[in-house]
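> pasted the sequence and its predicted model underneath.
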Amino acid sequence: MKYWAEEEIEFLIEWYPIEGAKLCAKVLDRTIISVYQKAFKLGINSPYASIQLTNVEYKLRLKDTEYLPVEPYINTYTKIKHLHINCGYIWKVRPNAILNNRACPQCTVLGNIPTYFYWINFPKLGLDKVGITTNINRRHHELGEYFIIKHSVKFDTRRKAYDLEQYYLGLFKPYMINTGELKSGNTETFKWP
Ligand SMILES: [Zn+2]
């Protein structure tokens, strides 16, 4: 084990709580783990240093946020899949970024793009479907089945379209049926009585 010089310890005490293990490791030419262990021994904490969290502890940390890990937590720097509860988007991101309020990329990119809520019918399948999209015409190709638009509403943000979709999905719950016949989106199909 490499000896820790007094200046190194001073640097750690000053910068670790602000910048975390990654930067300290880079500056001091040490591994992240050794920096983390030294900081732990010195009893100094950093909001960026969650390497020691267990899977359960990490889930608890996210309890009051809009995000949920959907893969086991490894450490703060290893990307794992997270779910954005508000929009349903899943992507790989470092827990460190989530703990530091990184926003969902789908909501950031598409947040202010006009989005359609749609209710469509597949005559051949005898199924209906609701969903949201930025381009309803493209959905023919994506779903792989001819459909008729029963109802569509344009919103100025994705969030508003998503809220209406969730409302309808709740309403149609008793009629939902997943026949697996579409190329995608089979979980939002239902048989309208
Ligand atoms: Zn989102």
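Okay, I see it.
> and the gap between Leu53 and Thr189?
To Thr189, Leu53 is 39 Å away according to CB to CB, to the nearest Å. (Glycine included, C-beta is placed from N, CA and C.)
> Gly131 now?
10 Å.
> same thing with Ile113?
25 Å.
> right, and the helix or strand after the lowest-mean-pLDDT helix or strand in the chain?
The weakest-scoring helix or strand in the chain, judged by mean pLDDT, DSSP states H and E, is helix 105-110 (a mean of 71). Per DSSP states H and E, the first helix or strand lying C-terminal to helix 105-110 is strand 115-122.
> domain map for the chain?
Annotated domains of the chain cover 6-42, 55-108, 111-190 [automatic domain parsing].
> which intervals of the protein have sub-threshold pLDDT?
1, 47-52, 109-112 (pLDDT under 70).
> write out the residues of this protein neighbouring the ion.
Residues of the chain lying close to the ion (CB under 5 Å from the ion) are His84, Cys87, Tyr89, Cys104, Gln106, Cys107.
> circling back to that earlier point, which one's more surrounded, Ile113 and Thr189?
Thr189 (24 against 12; other CB atoms under 10 Å).
> what's the distance between that one and Met176?
7 Å.
> now Phe11
Phe11 is 58 Å from Met176, by CB to CB.
> same question for Pro193.
Distance from Pro193 to Met176, counting by CB to CB: 12 Å.
> helices or strands next to the top helix by length along the chain in the packing?
In the chain, with assignment by DSSP state H, the single longest helix is helix 6-28. Applying 3 or more CB pairs under 8 Å, 6 or more residues apart in numbering; DSSP states H and E, one finds that helix 6-28 contacts helix 32-42.
> restricting to C-alpha, output the following helix or strand past the helix it packs on in PDB.
Next helix or strand after helix 32-42 toward the C-terminus (DSSP H and E): helix 55-61. The C-alpha trace of helix 55-61 is given here as PDB (Å, rounded to 0.1, in the frame of the first residue of the first chain):
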ATOM      1  CA  ASN A  55     -28.300  -2.200  -3.300                       C
ATOM      2  CA  VAL A  56     -30.900  -1.700  -0.700                       C
ATOM      3  CA  GLU A  57     -29.300   1.600   0.600                       C
ATOM      4  CA  TYR A  58     -29.200   2.900  -3.000                       C
ATOM      5  CA  LYS A  59     -32.900   2.200  -3.500                       C
ATOM      6  CA  LEU A  60     -33.600   4.000  -0.300                       C
ATOM      7  CA  ARG A  61     -31.600   7.000  -1.400                       C
END
